[in-house]
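Undergrad: need a structure here:
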Amino acid sequence: MDRITVADAAKRLANRPGFALLDSTGEHGDLARFSFIGVDPFATFQVIDGIAHWNGEPLAGEPLALLRERLRAYDLPRGDGAFPFRGGVIGYLAYDFGKRLEKLDEPARSDHGLDELRFDVYDLVLGFDRLSGEVRLFSSGFPETGDEARARRAKLRAEALIGWLSEAAPEGECGSRLIGPWQSNFTPKAYEAAVSRVKDYILAGDIYQANIAQRFTCELADGFDAFAFYETLRAANPAPFGAFLRSGEAAIACSSPERFLSCRNGQVEARPIKGTARSNPDPARDAAVAAGLLSSEKDRAENTMIVDLLRNDLSRVARPGTVKVPTLCGLETYEGLHHLTSVVKGELREGLDGLDLLAATFPGGSITGAPKLRAMDIITEIEGVARGVYCGAIGYIGFDGDLDFNIAIRTVTLTPGRAQFSAGGGVTLLSDPTAEHAETLVKADRIFKAFRRHAGGDA
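TA: Got it, this is the predicted structure:
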């Protein structure tokens, strides 16, 4: 098919039913190589109040086991080409889905307007390879499973997508505005007190660290164009694990730099981020900032603890002796920020699949703490409100069983009349409460700037 950019294709397809974009931007090599667009899904799998639903009908049983059962009807052999996703499910697991996997405390309230888990099932996918410039259309023909019927549907669906791409792109609502100032659920003093409370738990021997976030909310003007805002966000904060999804009346705009998990042909990779510093436009000063982050005792300790947690999580489903850490506390640079990122790898044990991997590791250790379950209960106690998709995971599971998910940070949930997002950081015994609060604002600043730019103000 003729070459078309991710941005142009997304703009042309954004109003189609079930539009979903997994978007890689920025200069990060293979991490930012592939983008995928799914459109017009043939089924939806949701978890609402712990009950799984397929196309709106409730199902009896454990949600991930039910998802596995449904996907087995659409088995697709692993391809030989470079593209790691050729059809399957795209969606998210909200952070709060973790309580369906382990016994955890309930948050005081849940007001984010999202399902606990939602995956749309796509037979029709566009893939973009930034390295080669190749654009590929994948049409599997599912849910038909007979050879002739499936081939016929695959052809018709591919032709339909090509037709949709030939249509003119609609104009977005540039200048969509906010109403009123951003409000946090913590005052600066209250957030600092929360950090001190976590340190008390550490001194008492409950935990080694916990990730505490503050949530920002603001009213939106009527008719706010969620996808037009995402276009602004991806330009303001390029990231290798970005995404735009719709979930009922809500939309999710994400520019995450962090991979939670990938699993391809049984090879598993996690890339936890712990440690953040604001970059400096002056090269000499920026080099000093980066060197300071690399040598930070607090940040390196925080990162190493989470690596140990992830090694433990992965060992639950990995072949013995295969869990390795090829990179510990490596420096990565994104728009306006430096991060310490480690890489943890392993090989999935024979007889297990990506859903077993998710069940053993979700939510990611980099946004919970250690030990994980006690840290999550402390997060619930201190934050008081369900996190929603923030600190959950967004990504895909292919019909061939491979998967790739981000950690849903730098992520905005847009519902009618309201925008909300959170920013947090890991608290250890070495944490300074004032510095921890300032770090959350450094992370939040990329989102604030995107909203200002979208409204036509100072970027």
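Undergrad: surely residue 301 touches residue 428?
TA: Yes - in this structure, residue 301 is within contact of residue 428 by C-beta atoms under 8 Å, at 6.1 Å. For every residue, glycine as well, the C-beta is placed using N, CA and C.
Undergrad: so between those two, which is more surrounded?
TA: residue 428 (24 against 19; other C-beta atoms under 10 Å).
Undergrad: let me see the contact set for the more buried one.
TA: Residue 428 is in contact with 202, 208, 209, 298, 301, 302, 305, counting by C-beta atoms under 8 Å, 6 or more residues apart in numbering.
Undergrad: tell me, how many residues neighbour the second one?
TA: For residue 208, the tally of surrounding residues (other C-beta under 10 Å) stands at 21.
Undergrad: phi, psi of it?
TA: Residue 208 has phi and psi values of phi -100, psi -30 when expressed as degrees, to the nearest 10.
Undergrad: residues contacting it?
TA: Taking C-beta under 8 Å, 6+ apart, one finds 202, 305, 369, 370, 371, 428 in contact with residue 208.
Undergrad: for it, give its distance to residue 448.
TA: Remark: distance between residue 208 and residue 448 (C-beta to C-beta, to the nearest Å) = 31 Å.
Undergrad: same deal with residue 12?
TA: 29 Å.
Undergrad: circling back: name the nearest of the contacts of residue 428 relative to residue 131.
TA: residue 302 (32.8 Å; C-beta to C-beta).
Undergrad: is it possible to mark the buried ones in the contacts of residue 428?
TA: Buried by 16 or more other C-beta atoms under 10 Å: 202, 208, 209, 298, 301, 302, 305, out of the contacts of residue 428.
Undergrad: my read: the first one touches residue 430, true?
TA: Read it as residue 202. No - applying C-beta under 8 Å, one finds residue 202 not in contact with residue 430, separated by 9.8 Å.
Undergrad: any low-confidence regions in the chain?
TA: 1-2, 172-176, 457-459 (pLDDT under 70).
Undergrad: how far away is the residue nearest the centre of it from residue 241?
TA: Geometric centre of the chain, nearest residue: residue 408, 3.1 Å, by C-alpha atoms, centre = their mean. Note on residue 408: its distance to residue 241, by C-beta to C-beta, is 9 Å.
Undergrad: same thing with residue 391?
TA: Residue 391 is 14 Å from residue 241, by C-beta to C-beta.
Undergrad: intersection of neighbour lists for these two?
TA: The contact lists of residue 391 and residue 241 share residue 407, where a contact means C-beta under 8 Å, 6+ apart.
Undergrad: who has more neighbours out of those two?
TA: For residue 391 and residue 241, the more surrounded residue by other C-beta under 10 Å is residue 241, and the numbers stand at 30 against 25.
Undergrad: OK, contacts around the more buried one?
TA: So residue 241 contacts 24, 31, 254, 256, 257, 258, 259, 394, 395, 406, 407 (C-beta under 8 Å, 6+ apart).
Undergrad: thinking again about what came up before, hey, what's in contact with both of residue 408 and residue 241?
TA: Contacts common to residue 408 and residue 241, judged by C-beta under 8 Å, 6+ apart, are 254, 256, 394.
Undergrad: centre of the chain to the host helix or strand of the last one, how far?
TA: It stands for residue 394. Under the criterion of DSSP states H and E, residue 394 resides in strand 393-398. Remark: strand 393-398 is offset 9 Å from the chain centroid, using C-alpha atoms, centre = their mean, to the nearest Å.
Undergrad: now the element after that strand, going C-ward?
TA: Assigned by DSSP H and E, the successor of strand 393-398 is strand 403-406.
Undergrad: parallel or antiparallel, list what pairs with the helix or strand just after that following strand.
TA: Heading C-terminal from strand 403-406, the first helix or strand you meet, by DSSP H and E, is strand 411-415. On the basis of DSSP bridges, the sheet neighbours of strand 411-415 come out as strand 250-256 (antiparallel), strand 418-427 (antiparallel).
Undergrad: mind putting the ones you listed into JSON lines with mean neighbour count and distance to residue 55?
TA: Listed next are the strands paired with strand 411-415 as JSON lines, based on neighbours: other C-beta atoms under 10 Å; distance: least, C-beta to C-beta, whole Å:
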{"stretch": "strand 250-256", "mean neighbour count": "25", "distance to residue 55": "19"}
{"stretch": "strand 418-427", "mean neighbour count": "25", "distance to residue 55": "28"}
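Undergrad: which residues of the stretch 101-250 of the chain fall in strands?
TA: 117-122, 124-129, 135-139, 178-184, 209-220, 241-247, 250-256 (DSSP state E, counting those that start in this stretch).
Undergrad: please compute how far stretch 243-253 lies from its chain's middle.
TA: Relative to the chain's own centre, stretch 243-253 is displaced by 12 Å; criterion: C-alpha atoms, centre = their mean.
Undergrad: just the terminal-to-terminal distance for it.
TA: One end of stretch 243-253 sits 6 Å from the other (C-alpha to C-alpha, to the nearest Å).
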